[in-house]
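Engineer: Sequence plus the predicted model coming up.
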Amino acid sequence: MKITIDKSLDLALSPDLAWAMLNDIEGVTACLPGAKITETIDETHFKGTVSVKLGPATVSFKGNIEIAERDAKARSLHIIGTGSDMGGTSGASLDLHAVVEATDGGSRLSGKSDVTVTGKVATFGARLMNSVSDVLLQKFFANLAMRAEALQAAQPLVATAATENVMSLPAAPAAPAAETNLNALALAWAVIKDFLANLFRRTKAT
């Protein structure tokens, strides 16, 4: 099963700072609930995991991430990811194109990704997968916005890293605690609310 995700986020950062933030793969990955980089092989290859809490238990997926293309002039990245769950019952692949563009208020980070899932995960269906993706992205963007605020506060420290296209940013002042764990019950409730809201809109329309 394949789903396409196309989202953007406006940031109160200069394009150079937003580009430097995007290139901090570990920092950006940490903004996605339950995800982390476990190994940096080189500047373009990484290993990582994604964990989801299911009550007292945790289901974990592991995989590989590759920066297939990095264009500093266009401020764009092409990222490819592949992975599977620890039990080998489900698999997933990611093909992501991300770009930073200048705006009147700062910059805009846009990303379009094709996600393909196989195995048990695919049996949940595209509708549920889209709802789950929306919940994840809302939390991801909220965490990313907090990281951007911290970088903005540390602008004198990170300006050099941004203009010199340094891949790792200096430590920024601590931002409000980001939500790094994804609780399955909270996720399920969010999906149910989304389903009921859509049902109510259809009923009202008729």
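Structural biologist: Arrived safely, thanks for sending.

Engineer: and the host helix or strand of Ile79, what other elements does it pack with?
Structural biologist: According to DSSP states H and E, Ile79 maps onto strand 76-85. Using 3 or more Cβ pairs under 8 Å, 6 or more residues apart in numbering; DSSP states H and E, the elements in contact with strand 76-85 are strand 57-71, strand 90-103. (Glycine included, C-beta is placed from N, CA and C.)

Engineer: Kindly compare burial across those and name the winner.
Structural biologist: Counting by mean count of other Cβ atoms under 10 Å, strand 90-103 has the highest mean neighbour count of the helices and strands packed on strand 76-85, with a mean of 17.

Engineer: returning to what we had before: switch the helices and strands packed on strand 76-85 over to a markdown table; also include mean pLDDT and distance to Leu17.
Structural biologist: Formatted as a markdown table, these follow (pLDDT from 0 to 100; distance: least, Cβ to Cβ, whole Å):
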| stretch | mean pLDDT | distance to Leu17 |
| --- | --- | --- |
| strand 57-71 | 84 | 17 |
| strand 90-103 | 92 | 9 |
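
Engineer: Take the ones you listed and write them to JSON lines, including distance to Leu11.
Structural biologist: Converted to JSON lines, these look like this (distance: least, Cβ to Cβ, whole Å):
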{"stretch": "strand 57-71", "distance to Leu11": "19"}
{"stretch": "strand 90-103", "distance to Leu11": "8"}
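
Engineer: Can you list the residue ranges for strands in the protein?
Structural biologist: Counting by DSSP state E, the chain has strands at residues 2-11, 35-40, 45-54, 57-71, 76-85, 90-103, 106-119.

Engineer: Turn these into JSON lines, including distance to Phe140.
Structural biologist: Putting the strands of the chain into JSON lines (distance: least, Cβ to Cβ, whole Å) gives the following:
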{"stretch": "strand 2-11", "distance to Phe140": "9"}
{"stretch": "strand 35-40", "distance to Phe140": "9"}
{"stretch": "strand 45-54", "distance to Phe140": "12"}
{"stretch": "strand 57-71", "distance to Phe140": "15"}
{"stretch": "strand 76-85", "distance to Phe140": "14"}
{"stretch": "strand 90-103", "distance to Phe140": "12"}
{"stretch": "strand 106-119", "distance to Phe140": "10"}
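
Engineer: what's the nearest residue to Thr4 if we skip its chain neighbours?
Structural biologist: Asp114 (5.4 Å; Cβ to Cβ, 6 or more residues apart in numbering).
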